[in-house]
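> Return a 3D structure for these sequence lines:
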Amino acid sequence: MKIKDYIEAGMHIFSIAFPYIIPFILLGAYLCMLFIGRSDSAIRGIVIAIPAIISCYYIINLKNEQIDLKKDLYIFTSESNVLNYVFWIIYLFSITVLFIGESRPWYYFLLISFSYLIIFIQIFSNIKKPALILTELFFVMSNLIYSVTMKYGSYFGTTDLLSHIFMSQITHISGHVIPVSLSSYSYFPLYHILLSETSYLLNLDIRMSLFLIAAPIYAITMVFTYLVFLKISGNQQIALLSSSLYSLNSTVIYYGVNLITRTLAFICFIIILYLAYSGSQEKKHRMRFRILSILISIFLILVHQVSIPQILLLFSIIFISEWLTGNKKFLSNTYYVLMNVMFISYWVFVAYVFVTKDISSRLNPNYLDSVVLLSGNSGVSQSEWLGILGLFDKSIFLFFALIAIGYFLKNHKNNYASVFGLVALFSLIFYIPNPLNSVWQFMVLFRFDRLTLLVSPFIAFVMGAGIYLYLTTGSKIHSKLFKRKFILVFILFSVFSFISLVYSVSDSDDLWIKSQHEYFNNQELDCFNHISKKVPFGSIIYSDYHTVRYFPGKFEKSQSLGVSYYGTKKISNVTSLSSYKGYIVIREQELARNGLYFGQGELESRDTPNYLYAGTPENQIELYSKLELNHKFYSNSAVSIYLNQRDQSQNMITNVIHSEEK
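Take a look at the predicted model:
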C-alpha cells in the first residue's frame with residue numbers, strides 16, 4: 001500500500017470513530033478539571049458538553065448522504081424589499097438609542113440582534129442579494145464598533161490601546177520611528193506610522209483618528225471572508241451565513257473595538273487568505289495576486305511580531321489538512337517558505353534586540369520547570385452562574401460545528417470544504433474552553449490565547465456549513481420535520497446572536513452580567529489632564545492598574561520632545577498607603593461601582609498580577625482612613641488626587657491646589 005492509501009484508510013476509520021471519540025474527550029476534560037481543583041471550569045464545561053454529545057448522536061444517525069453544497073436552500077419567498085426597509089429602520093433606531101444613558105442599554109443589543117435575524121431571513125429568501133446583505137453586515141459591524149469607541153470618553157480595552165496611542169503620538173511629533181529605549185515596537189512601526197499619517201490627514205488627535213478608521217478597516221474583513229468562503233464552498237448561502245456568523249463572533253467584535261497591532265495583523269491574514277485562494281483559481285491574474293501577497297506579508301512582518309509565527313502555524317495546519325484529505329493545494333509551498341525566511345531573517349538580523357530581550361525572557365528555564373495553573377475557584381457563586389450564560393454561544397456553535405466536521409470527515413474526497421473543517425477541528429483547542437486554558441505557560445507566557453481571533457474564520461465557516469447541513473440532511477424541504485428543524489435553528493441563531501453581542505464588550509449597566517467599564521469617563525480624563533498640566537514631570541504616581549497604564553514613563557527623548565512622563569506604580573497594598581511618597585490617584589466612582597485593580601509585577605508573577613479591590617463599605621473605610629493624613633490635591637465627581645504630606649511643601653510652589661465640589 002502507498003502512503004496515500006494508509007492516509008485514506010486512517011481518515012475513513014477516524015470519520016467513523018469521530019462521534020464516539022468526542023464524548024470520551026469531554027469526559028476526560030471534565031475529570032481533569034476536577035482533578036486540578038477547578039470545579040468551576042468543570043461545571044462550565046457541562047454547558048459545552050451537552051450540545052456536543054447531542055451533535056454526536058445526530059452524526060451517528062446521519063446516513064451517508066451526498067449533499068450538493070452548491071445547491072441553494074430557499075425557505076422564504078418575497079416579491080418586495082420589505083425586509084430591507086425593516087432592517088434600515090431598526091438600524092437607525094439602534095443608533096438613536098445610543099444617546100440614551102451613560103452606557104449602551106439592553107435594548108440596543110436586542111435591536112442589533114433583530115438586525116441579524118432579518119439578515120438571516122434574507123439569506124434563505126428567494127430575493128437573496130449578496131451585495132445588499134454584505135452592505136448590511138458592514139454597517140452593523142461598524143455600528144457595534146462605533147457604539148463603544150465613540151460613546152465613552154476614552155475606551156482602552158485591554159490597555160494596549162493606551163501604549164500604542166502614546167507611541168503613535170511620539171511618531172507623530174518626532175516624524176521618526178520610536179526609539180528602541182521606548183519599546184521593541186521600534187522594529188515593528190507600521191501601526192504607529194499609520195495612525196500618525198491618519199492624524200495628519202484628518203487633522204485630529206491620534207485617539208480620535210484611530211477610532212474613526214477602526215470601523216471601516218475592520219468591517220471590510222467580512223467581505224474578504226465572504227469571498228474566501230464562496231471560493232471554498234461554491235455556495236452563496238453558506239458563504240453569507242458564515243460571514244454573518246463571523247461578524248457575530250464575540251472575539252471578532254471585541255477586537256474590532258480594540259484595533260491594536262495584532263488586530264491589524266489579523267486583517268492582513270484575512271487578505272492573504274483571499275489572495276491565496278483567488279490566485280490559485282484565476283490563472284490570468286495569478287502573478288498580481290502573488291505580488292500583493294508578498295507586499296502584505298512584508299506589512300504583516302513590520303506591524304506585529306507575535307502574529308507571524310502564529311499565522312505560519314495556521315498555514316502549517318492548512319497544509320496538513322490538505323495532505324490528509326487529499327485535496328488540491330491552494331497555498332503555495334514557495335510562498336510559505338518565503339514567509340518563514342523573511343520573518344526569521346528580519347528577527348535575527350534587524351530586530352535582534354527584540355529576540356534577545358523579549359523572546360529570550362519567555363524561554364527562561366524558571367518558567368518552564370513545571371506546569372503552573374492559573375488561579376480559579378473551587379465552586380461557582382451565584383454571579384458566576386449568570387456568567388455561565390456567556391458560554392451558550394459556544395455551546396450552540398459546537399453543536400453545528402461538530403455536525404459539519406463529522407460530515408466533512410466522511411465526505412472529504414474532492415471537497416475542499418473538508419480542509420476548512422479539519423482546520424476548525426484542530427482550532428477547537430484554541431476556541432473552546434478546555435484544561436489548557438488553566439495552564440499559565442499556554443495562555444500567558446506563549447500567548448496562545450491570541451489564536452482565538454486568527455481561527456475565527458474557520459470557526460464561522462464550520463458553523464455556517466453545519467447549519468446548512470442540519471437543515472438539508474435527514475428531511476425533505478417543506479416537510480413537517482424540516483419546518484421544526486428550521487424553527488429550532490432560528491431560535492438558536494437568535495440566542496447565539498444576543499449572547500455574543502452582550503458578552504463581546506460587557507459595558508452595559510442594565511444587563512444580568514456585571515459590566516466591565518474598560519474606558520475612562522470625561523471626569524476621569526479631566527483629572528488626568530490636570531495632572532499633565534499641574535504635576536511636575538517625573539513625579540511618582542500611585543494608582544490602580546488601568547490608571548497607571550494611562551501615564552507614560554520616561555524615555556531618552558521625553559524632554560526634547562516635550563511630552564509628559566511620570567514614574568507610575570500600582571498600589572500593591574492599601575495598608576501601606578501612608579508610606580507612599582508621591583501622588584495617589586483614586587478613581588472613587590469606579591471604586592464604588594466595581595472596584596479597582598491593584599497589584600504588582602507583570603511577567604515575573606506566574607499568577608494573575610492584579611487583584612480586584614472591591615468597593616465594599618469596609619474596604620472604602622480602610623482606604624480612606626489611610627488617605628486622611630494626605631493632602632487632597634484635586635477632586636471632582638469621579639476622581640481624587642492625594643499628595644503625601646511630606647511632599648506637600650516641595651510642591652507648594654509649583655502646584656496650584658485645585659478642587660471641585662462633588
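> C-alpha only now, for contacts and for neighbours.
Fine.
> what residue ranges in this protein score low on pLDDT?
Where the chain drops to pLDDT under 70, the residues are 1, 63-65, 78-80, 369-370, 373-387, 440, 475, 477-478, 601-609, 645-662.
> quick one, domains of it?
3-158+220-504, 527-651 (automatic domain parsing).
> among the ones you listed, which is nearest L182?
domain 527-651 (5.7 Å; C-alpha to C-alpha).
> Can you name the element that comes right after the strand or helix carrying H164?
Secondary structure assignment for H164, by DSSP states H and E: helix 160-174. Proceeding N to C from helix 160-174, the next assigned helix or strand is helix 190-202, under DSSP H and E.
> now the angle from the next helix or strand after that following helix to helix 160-174?
For helix 190-202, the following helix or strand on the C-terminal side (DSSP H and E) is helix 206-219. Angle between the axes of helix 206-219 and helix 160-174 is 120 degrees (criterion: axes from the mean of the first three to the mean of the last three C-alpha atoms, to 10 degrees).
> which parts of helix 206-219 are buried?
With burial defined by 16 or more other C-alpha atoms under 10 Å, the residues of helix 206-219 counted as buried are I206, R207, M208, S209, L210, F211, L212, A214, A215, P216, Y218, A219.
> okay, stretch 127-145 in PDB with CA atoms only?
Only the C-alpha atoms of stretch 127-145 are listed here, as PDB (Å, rounded to 0.1, in the frame of the first residue of the first chain):
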ATOM      1  CA  ILE A 127     -34.500  37.600  -3.300                       C
ATOM      2  CA  LYS A 128     -31.100  36.900  -1.800                       C
ATOM      3  CA  LYS A 129     -28.700  39.700  -3.000                       C
ATOM      4  CA  PRO A 130     -25.200  39.200  -1.700                       C
ATOM      5  CA  ALA A 131     -24.100  42.800  -2.300                       C
ATOM      6  CA  LEU A 132     -27.100  44.000  -0.200                       C
ATOM      7  CA  ILE A 133     -26.500  41.600   2.600                       C
ATOM      8  CA  LEU A 134     -22.800  42.300   2.800                       C
ATOM      9  CA  THR A 135     -23.600  46.000   2.900                       C
ATOM     10  CA  GLU A 136     -26.000  45.500   5.800                       C
ATOM     11  CA  LEU A 137     -23.400  43.300   7.600                       C
ATOM     12  CA  PHE A 138     -20.700  46.000   7.100                       C
ATOM     13  CA  PHE A 139     -22.900  48.700   8.600                       C
ATOM     14  CA  VAL A 140     -23.900  46.500  11.600                       C
ATOM     15  CA  MET A 141     -20.300  45.800  12.300                       C
ATOM     16  CA  SER A 142     -19.400  49.400  12.100                       C
ATOM     17  CA  ASN A 143     -22.300  50.300  14.400                       C
ATOM     18  CA  LEU A 144     -21.100  47.800  17.000                       C
ATOM     19  CA  ILE A 145     -17.600  49.300  16.900                       C
END
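> now that stretch: how far from the chain's centre is it?
Stretch 127-145 sits 20 Å away from the centroid of its parent chain (C-alpha atoms, centre = their mean, to the nearest Å).
> Name the residues that touch it?
Stretch 127-145 is contacted by residues 77-79, 91, 95, 112, 115, 119, 122-123, 214-216, 219-220, 222-223, 236, 240, 244, 247, 253, 256-257 when judged by C-alpha atoms under 8 Å, 6 or more residues apart in numbering.
> From the residues you listed, list just the buried residues.
91, 95, 112, 115, 119, 122-123, 214-216, 219-220, 222-223, 236, 240, 244, 247, 253, 256-257.
> Out of those residues, which sit inside helices?
Among the buried ones among the contacts of stretch 127-145, DSSP state H puts 91, 95, 112, 115, 119, 122-123, 214-216, 219, 222-223, 236, 240, 244, 247, 253, 256-257 in helices.
> quick one, strands of the stretch 1-150 of the chain?
In the stretch 1-150 of the chain, no segments count as strands under DSSP state E, counting those that start in this stretch.
> where exactly do the helices run in it?
Using DSSP state H, counting those that start in this stretch, the helices of the stretch 1-150 of the chain run over residues 3-35, 39-60, 82-97, 106-123, 130-149.
> Distance to F392 added to these, as CSV?
Below are the helices of the stretch 1-150 of the chain laid out as CSV (distance: least, C-alpha to C-alpha, whole Å):
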stretch, distance to F392
helix 3-35, 17
helix 39-60, 7
helix 82-97, 24
helix 106-123, 15
helix 130-149, 20
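> closest to I388 out of those helices?
Across the helices of the stretch 1-150 of the chain, I388 has its closest neighbour in helix 39-60 (6.2 Å, C-alpha to C-alpha).
> which residues are contacting that closest one?
19-20, 22-23, 26, 29-31, 33-34, 376-380, 388, 391-392, 394-396, 398-400, 402-403, 406-407, 433-434.
> Just the buried residues of those residues.
Buried, going by 16+ other C-alpha under 10 Å: 19-20, 22-23, 26, 29-31, 33-34, 380, 388, 391-392, 394-396, 398-400, 402-403, 406-407, 433-434, out of the contacts of helix 39-60.
> any idea which helix or strand comes after the helix or strand containing T452?
Counting by DSSP H and E, the element that carries T452 is helix 451-454. Under the assignment DSSP H and E, the closest C-terminal helix or strand after helix 451-454 is helix 456-472.
> now the strands: where do they sit in the stretch 251-400 of the chain?
Going by DSSP E, counting those that start in this stretch, the stretch 251-400 of the chain shows no strands.
> Can you tell me the closest non-neighbouring residue to V495?
Counting by C-alpha to C-alpha, 6 or more residues apart in numbering, D393 is the residue found nearest to V495 once chain neighbours are left out, at 7.3 Å.
> what residues are up against the one you found?
Applying C-alpha under 8 Å, 6+ apart, we find D393 in contact with V495, F496, S497, I499, S500.
> out of those residues, which is most surrounded?
Of the contacts of D393, S497 is surrounded by the most neighbours, 26 neighbours in total, counting by other C-alpha atoms under 10 Å.
> Was I right to think that one contacts S250?
No: contact criterion C-alpha atoms under 8 Å: S497 and S250 do not qualify, at 9.1 Å.
> buried set for stretch 537-557?
Counting neighbours by 16+ other C-alpha under 10 Å, stretch 537-557 gives 537, 540-554 as buried.
> Oh, that last question was meant for stretch 434-447, not what I typed.
Here stretch 434-447 shows N434, P435, L436, N437, S438, V439, W440, Q441, F442, M443, V444, L445 as buried, counting by 16+ other C-alpha under 10 Å.
> Tabulate the CA atom coordinates of it in PDB.
C-alpha atoms of stretch 434-447 as PDB (Å, rounded to 0.1, in the frame of the first residue of the first chain):
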ATOM      1  CA  ASN A 434     -10.500  23.300  28.000                       C
ATOM      2  CA  PRO A 435      -8.000  22.300  30.600                       C
ATOM      3  CA  LEU A 436      -5.100  24.000  28.700                       C
ATOM      4  CA  ASN A 437      -6.900  27.400  29.400                       C
ATOM      5  CA  SER A 438      -5.800  26.900  33.000                       C
ATOM      6  CA  VAL A 439      -2.100  26.500  32.200                       C
ATOM      7  CA  TRP A 440      -0.100  29.700  32.700                       C
ATOM      8  CA  GLN A 441       2.600  28.700  30.100                       C
ATOM      9  CA  PHE A 442       0.000  28.100  27.400                       C
ATOM     10  CA  MET A 443      -2.200  31.200  28.000                       C
ATOM     11  CA  VAL A 444       0.100  33.900  29.400                       C
ATOM     12  CA  LEU A 445       3.700  33.000  28.600                       C
ATOM     13  CA  PHE A 446       3.400  32.000  24.900                       C
ATOM     14  CA  ARG A 447       0.100  33.900  24.300                       C
END
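> What is the neighbour count of K357?
By the criterion of other C-alpha under 10 Å, K357 has 11 neighbours.
> ah, wrong one, I meant I54
Close neighbours of I54, defined as other C-alpha under 10 Å, add up to 15.
> ok, it to A465 distance?
According to C-alpha to C-alpha, to the nearest Å, I54 and A465 sit 17 Å apart.
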